[in-house]
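Q: Build me a structure from this.
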Amino acid sequence: MDSVHAVASDFLTRILADKRQEVLDRRAAQPEAVLREQCLMAEPPLHVVERLRGSTLRVIAEVKRGSPSAGTFNARLNAADQAEVYAEAGAAAVSVLTDEPYFGGSLLDLRSARDRVSVPLLRKDFIVDPYQLLEARASGADLVLLIVAALDAQSLSLLLQATNDLSMTALVEINTIEEAKLAVDAGSRLVGINNRNLRTFEVDMSTTARLRPFLPDSTVVASLSGIKSVRDAVEMRKVGADVVLVGEALVRSSDAGALIAEMSSVT
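A: I've put the predicted structure just below:
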């Protein structure tokens, strides 16, 4: 294994260890009871699943400044401004990266987007503890990302239940057949098939087509990672995706609104 792949394959392990420590630090700074009070004061979460399936492809447009695989591509991006562009262009939902060390995001980005747009918001992060779900809800999230590769079956079930208890929706991310089975067994209604393997960073655009048959027809399926063009969106639609999540291509685009509109017209 070369040094690049050695670092990449250890990425998920490292970030999860960092995330667990981060949760401990954040809980010490802001007790859970305070977050629960904030959740009670927040506007009720939006219903999401029915918005993500229809006669045309739906787009979850992502606010992100960079990633471990691509580096920083817009350090000065204003999350609220970007979210507004996405919402006005017809994005079905907006995803906001809230991991700071690896993706340059924050919960402040999520809160500022919530203040600006009325479409559903996804907190995209490495969720390992119910405390993070309270943070998400208190900050205005309607959806949260749960990554099966980062959780065991018991943790996935616990976090799904905690998400439901907060009336939010979980986007459950998978990358293998085994993870697909875990998501189905846990009762996931919204599943994201990640074309990127988080342990190697490698993108395989055939992943969506390969895993879609292992999910019930009733499942709303999102294709994640690697969608850079309308052509990519068309291909994901052909193999059974109801939704595409698009981030880097929109941030780099000179006309993100037009790209969202084109992708949203794919039948």
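Q: List the contacts of Leu16.
A: Phe126, Val128, Ala150 (CB atoms under 8 Å, 6 or more residues apart in numbering). C-beta coordinates here come from the backbone N, C-alpha and C atoms, glycine included.
Q: if you set the cut-off to 10 Å instead, what comes out?
A: Phe126, Val128, Ile147, Ala149, Ala150, Leu151 (CB atoms under 10 Å, 6 or more residues apart in numbering).
Q: Tell me which of the residues you listed fall in helices.
A: Within these, no residue falls in helices by DSSP state H.
Q: Greatest separation within the residues you listed: which pair is it?
A: The span of the contacts of Leu16, defined through CB to CB, is set by Val128 and Ala149 at 11.7 Å.
Q: Switch the contacts of Leu16 over to a markdown table; also include pLDDT.
A: Listed next are the contacts of Leu16 as a markdown table, based on pLDDT from 0 to 100:
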| residue | pLDDT |
| --- | --- |
| Phe126 | 97 |
| Val128 | 97 |
| Ile147 | 98 |
| Ala149 | 96 |
| Ala150 | 96 |
| Leu151 | 96 |
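Q: Run a quick neighbour tally on Ser253.
A: By the measure other CB atoms under 10 Å, the count of residues near Ser253 is 14.
Q: ok, back up a step: drop anything exposed from the contacts of Leu16.
A: Taking 16 or more other CB atoms under 10 Å as the criterion, what is buried in the contacts of Leu16 is Phe126, Val128, Ile147, Ala149, Ala150, Leu151.
Q: so what's the third one bridging to?
A: Following DSSP bridges, Ile147 is listed with bridge partners Glu173.
Q: so who does it touch?
A: 12, 16, 124-128, 156, 171-175, 179, 192, 194, 198.
Q: Distance check, it against Asn175.
A: From Ile147 across to Asn175, the span is 9 Å (CB to CB, to the nearest Å).
Q: shared neighbours of the two, anything?
A: Shared contacts of Ile147 and Asn175, defined by CB under 10 Å, 6+ apart, comprise Gly192, Asn194, Leu198.
Q: Can you tell me the closest non-neighbouring residue to Ala113?
A: Ala83 (3.9 Å; CB to CB, 6 or more residues apart in numbering).
Q: Go ahead and confirm that neighbour touches Leu97.
A: No - the pair Ala83 and Leu97 does not pass the contact test of CB atoms under 10 Å, sitting 11.7 Å apart.
Q: shared neighbours of these two, anything?
A: Glu62, Val63, Asp109, Leu110.
Q: Can I get those residues in TSV including distance to Gly71, neighbour count and secondary structure?
A: Formatted as TSV, the shared contacts of Ala83 and Leu97 follow (distance: CB to CB, whole Å; neighbours: other CB atoms under 10 Å; DSSP: H, G, I helix; E, B strand; the rest coil):
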residue	distance to Gly71	neighbour count	secondary structure
Glu62	16	24	strand
Val63	17	30	strand
Asp109	19	25	helix
Leu110	23	29	helix
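Q: So which of those residues is the closest to Ser69?
A: Nearest to Ser69 among these, with distances taken as CB to CB, is Glu62, at 14.1 Å.
Q: Can you tell me how far the closest one is from Ser167?
A: Using CB to CB, Glu62 is found at 23 Å from Ser167.
Q: Also Thr208?
A: Thr208 is 29 Å from Ser167, by CB to CB.
Q: Going by how many neighbours each has, rank the two and give me the top one.
A: Thr208 (27 against 13).
Q: State the three-state secondary structure for the more buried one.
A: Thr208 carries the three-state label helix when classified by DSSP: H, G, I helix; E, B strand; the rest coil.
Q: Quick check: it touching Val239?
A: Yes - counting by CB under 10 Å, Thr208 does reach Val239; the two are 5.5 Å apart.
Q: and for the two, which residues touch both?
A: Ile193, Val221, Ser223.
Q: most neighbours, which of the residues you listed?
A: Counting by other CB under 10 Å, top hit in these: Ser223 with 30 neighbours.
Q: what bridges to that residue?
A: Going by DSSP bridges, Ser223 forms beta bridges with Ile193, Val244.
Q: any chance you could map the strands in the stretch 151-267 of the chain?
A: 169-174, 190-194, 220-224, 243-246 (DSSP state E, counting those that start in this stretch).
Q: Having no further points to raise, I will conclude here.
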